[in-house]
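Undergrad: Give me coordinates for this.
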Amino acid sequence: MKKRTITIFAMATFLFAAVFAFAQMSDAQVENPKLQSVLSKKAGPHVYVVLMAQNPAVTYEGDISGLRATKPRKGKKINPKSAHVKKYRKFLKAKHDAALKAVGVRADKKFYDFSVALNGFAAQLTAAQAKSLAKQPGVVSVRADELRYKTTDSSPYFLELNVPGGPWARGYTGEDVVIGIIDSGIWPEHPSFADDGSYGPPPVALDDSRPNCEFGNSAHNPDDVPFTCNNKLIGARQMLDTYRYFIGATSEEFDSARDDDGHGTHTGSTAGGNAGVEASIFGIPRGPVSGIAPRARIIAYKALGELGGFGSDLAAAIDQAVADGVDVINYSVGGGASLTGADDIAFLFAAGAGVFVATSAGNSGPGPGTIGGPASVPWLTSVGANTQDRAFISEITLNGPSDPPTGLWGGSVTQGIENYSLVDAEGVAGDASGTCLNAFPAGTFQSDDAVLCNQYAFGVSRSQRVANVAAGGGGAVIFHNSAGVNMTPTDNHPLPTVHMLYDVGNPL
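TA: Sure thing, here's the model as predicted:
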């Protein structure tokens, strides 16, 4: 195994940029093959999303004698605790049960009732039952549940916020705006969500139909410590009923609203994190960070699991967010282009109720026909990917007599290393492509080996590939980009890791 000595110096190169909450950027969005494999092996009935003809509760305006809502609310919020609204929602749910009963399906086969921003339900049905249900009076559509995936993992530079005469100086800080973050959950102890005592009581009364601060399921994972929501993070709900049925939860995951991978925490802090939070990663100071609307309140909805998300869970999260009275929904989630998915229709009614919705345009651009759903619908604001001019850079030095002495660098937030041996993963332990897609056998590498991996590999995350090197005993990772996927992400990897641009890394 040919080796070179290599040193990586971690440098806190940071160009501070205020970030715009809803701009989306990510590595390529792809279907998760592990999730697809699980679903293909799941026997028995599957989950269908059923939309009903009558309007949801957000259309309610005034008296509902005869239990009929007909007028649009013109941007006004509903009070979910109102006796009239509760009565109307109960009426809609009874209609759902009646439709199921007509085709011989028990009400306990439902996963969700949608009644606020959407009128319908998600239920476990056979194909024959779904076909029969579609013919029932009052049923608009019956569709098999769809999969969605997270679609952002970088905070882009977008607006000059903290400048003289800028938005913050003029008082546009999001004071008392309630942002609903529909994502992978949230890490509540993050200082971006701390209540420093300057916030008043929550400006909305959350719907009480589900637990509204779901943390502390230590029976499933001991690291899921209890947390009480505060006047900044005013609520956190897990909306994963369908996902848990199909996929379950591994012992490493949190069966609560707690974030499993940081994606929801990232989008939440980008949208409404506190101002001037001193960021430190692996003990290295990284400068101050602020959300676009630092005085906003946040409610987190965990509707994405480790492998992705189901449309029924996401629609339930939208329904719940509108019931909770959010002003804004950030939806860094997407899939194939669509127009009549459950989340598409829920967002239509949410917009009618005065809720501003921002969603990612997907990660397949910039060519024509590459906008994913639900960004493809005209009643919400879709935002494309945006580059940024800030970076955390590590310098790489090769110590061999014929090696390039300077000019090698990459993105990293992990610690530096010194006098490690450089090992190319290509051809090692059967890794013909050098992408580190599979776990290496224990003892493949030494603890002071820095392993070079080809970053271009769909279907397996960057973090998993670092874990694969760690399984083989390696001590650090260098990712070399391909020409097609060329960026320097700064993931919180368990090993010192650097991401090199394609052109920069070619001499290596």
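
Undergrad: And the lowest mean pLDDT element among the helices and strands of this structure?
TA: Across the helices and strands of the chain, mean confidence by mean pLDDT, DSSP states H and E is lowest for helix 33-41: a mean of 56.

Undergrad: And the next helix or strand past that one?
TA: With elements assigned by DSSP states H and E, the helix or strand that comes after helix 33-41 is strand 46-52.

Undergrad: which residues touch that next one?
TA: Here strand 46-52 makes contact (Cβ atoms under 8 Å, 6 or more residues apart in numbering) with 92, 95-96, 99, 111, 118-125, 130, 133, 138-146, 242, 245-246, 310-312, 315, 342, 345. From N, CA and C alone the C-beta is placed, and that goes for glycine too.

Undergrad: From those residues, which land in strands?
TA: In this view, those that belong to strands under DSSP state E are 111, 120-125, 139-144, 310.

Undergrad: Check what pLDDT N79 gets.
TA: For N79, the model assigns a pLDDT of 76.

Undergrad: what's the neighbour count on the nearest residue to it once chain neighbours are set aside?
TA: Using Cβ to Cβ, 6 or more residues apart in numbering and skipping residues adjacent in sequence, the residue nearest N79 is V85, 6.2 Å away. The number of residues packed around V85, counting by other Cβ atoms under 10 Å, is 21.

Undergrad: could I get the ones in strands among the contacts of strand 46-52 as TSV with distance to I371 and neighbour count?
TA: Listed next are those as TSV, based on distance: Cβ to Cβ, whole Å; neighbours: other Cβ atoms under 10 Å:
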residue	distance to I371	neighbour count
F111	29	21
G120	25	30
F121	29	28
A122	26	26
A123	30	27
Q124	32	18
L125	31	22
V139	29	20
V140	25	14
S141	22	16
V142	26	21
R143	20	15
A144	23	12
F310	21	30
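
Undergrad: okay if I get those residues as JSON lines plus distance to P164 and pLDDT?
TA: Putting the ones in strands among the contacts of strand 46-52 into JSON lines (distance: Cβ to Cβ, whole Å; pLDDT from 0 to 100) gives the following:
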{"residue": "F111", "distance to P164": "52", "pLDDT": "95"}
{"residue": "G120", "distance to P164": "50", "pLDDT": "96"}
{"residue": "F121", "distance to P164": "53", "pLDDT": "97"}
{"residue": "A122", "distance to P164": "51", "pLDDT": "96"}
{"residue": "A123", "distance to P164": "56", "pLDDT": "96"}
{"residue": "Q124", "distance to P164": "58", "pLDDT": "94"}
{"residue": "L125", "distance to P164": "60", "pLDDT": "94"}
{"residue": "V139", "distance to P164": "58", "pLDDT": "96"}
{"residue": "V140", "distance to P164": "53", "pLDDT": "94"}
{"residue": "S141", "distance to P164": "53", "pLDDT": "93"}
{"residue": "V142", "distance to P164": "56", "pLDDT": "95"}
{"residue": "R143", "distance to P164": "52", "pLDDT": "92"}
{"residue": "A144", "distance to P164": "54", "pLDDT": "90"}
{"residue": "F310", "distance to P164": "47", "pLDDT": "92"}
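
Undergrad: pLDDT weak spots in the chain?
TA: Filtered on pLDDT under 70, the chain yields the residue ranges 1-4, 10-44, 60-77, 151-160, 336-337, 363-364, 385-390, 402-406, 456-459, 484-486.

Undergrad: Report the contact partners of A57.
TA: So A57 contacts A69, I78, P80, V85, Y88, R89, L92, S115, V116, A323 (Cβ under 8 Å, 6+ apart).

Undergrad: That one and Y243, how far apart?
TA: Distance, A57 to Y243, by Cβ to Cβ, to the nearest Å: 25 Å.

Undergrad: cool, P137 as well?
TA: In terms of Cβ to Cβ, P137 sits 31 Å off from Y243.

Undergrad: which one of those two has more residues nearby?
TA: Set P137 next to Y243 and count neighbours by other Cβ under 10 Å: Y243 wins out with 25 against 8.

Undergrad: Quick check: phi and psi on the nearest residue in space to the more buried one that is not next to it in sequence?
TA: For Y243, ignoring the flanking residues on the chain, the nearest one in space by Cβ to Cβ, 6+ apart is G305 at 4.4 Å. With angles defined as degrees, to the nearest 10, G305 sits at phi -90, psi -170.

Undergrad: So G305 sits against Q238, correct?
TA: No - at 9.9 Å, G305 and Q238 do not qualify as touching, with contact defined as Cβ atoms under 8 Å.

Undergrad: Distance check, the residue of the chain positioned farthest from its centre against W409.
TA: Within the chain, P401 marks the point farthest from the mean C-alpha position, 46.1 Å out by Cα atoms, centre = their mean. From P401 across to W409, the span is 21 Å (Cβ to Cβ).

Undergrad: Same question for G473.
TA: Applying Cβ to Cβ to G473 and W409 gives a distance of 26 Å.

Undergrad: So between the two, which is more surrounded?
TA: Of the pair G473 and W409, W409 is the one with more neighbours under other Cβ under 10 Å, namely 22 against 16.

Undergrad: Contact partners for that one?
TA: With contact set as Cβ under 8 Å, 6+ apart, W409 has these partners: I393, S394, E395, I396, V498, M500, V504.

Undergrad: which other residues reach the host helix or strand of the last one?
TA: Pointing back at V504 there. Taking DSSP H and E as the definition, one finds V504 inside helix 502-505. With Cβ under 8 Å, 6+ apart as the test, helix 502-505 has contacts from G407, L408, W409, G410, I478, H480, N481, S482, A483, N486.

Undergrad: Quickly list what the nearest residue to the second one once chain neighbours are set aside is bridged to.
TA: Right, the one you point to is L408. Leaving aside its chain neighbours, L408 sits nearest to I396 (3.9 Å; criterion: Cβ to Cβ, 6+ apart). On the basis of DSSP bridges, I396 is bridged to I8, L408.

Undergrad: so I396 sits right up against G407, yeah?
TA: No - using Cβ under 8 Å, I396 makes no contact with G407, being 9.0 Å away.

Undergrad: Among those two, which residue is more densely surrounded?
TA: I396 (25 against 9).

Undergrad: Would you mind listing the residues in contact with the more buried one?
TA: Residues near I396 by Cβ under 8 Å, 6+ apart: I6, T7, I8, L408, W409, G410, I478, V498, M500, L508.

Undergrad: Of the residues you listed, select the buried ones using a ChimeraX command.
TA: Selection of buried members from these for ChimeraX, criterion 16 or more other Cβ atoms under 10 Å:
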select :6,8,408,409,410,478,498,500,508
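
Undergrad: Which members of the contacts of I396 are the farthest-apart pair?
TA: Comparing every pair within the contacts of I396 by Cβ to Cβ identifies T7 and M500 as the most remote, at 14.7 Å.

Undergrad: which helices and strands sit right next to the top helix by length along the chain?
TA: Across the chain, the longest stretch assigned as helix under DSSP state H is helix 83-102. Packing contacts for helix 83-102, counted by 3 or more Cβ pairs under 8 Å, 6 or more residues apart in numbering; DSSP states H and E, involve strand 46-52, strand 110-114, strand 120-125, helix 127-133.

Undergrad: ok, now which ones touch T265?
TA: G185, I186, W187, H190, D259.

Undergrad: got it, and M487?
TA: By Cβ under 8 Å, 6+ apart, M487 lies in contact with D27, G411, N481, H499, L501.
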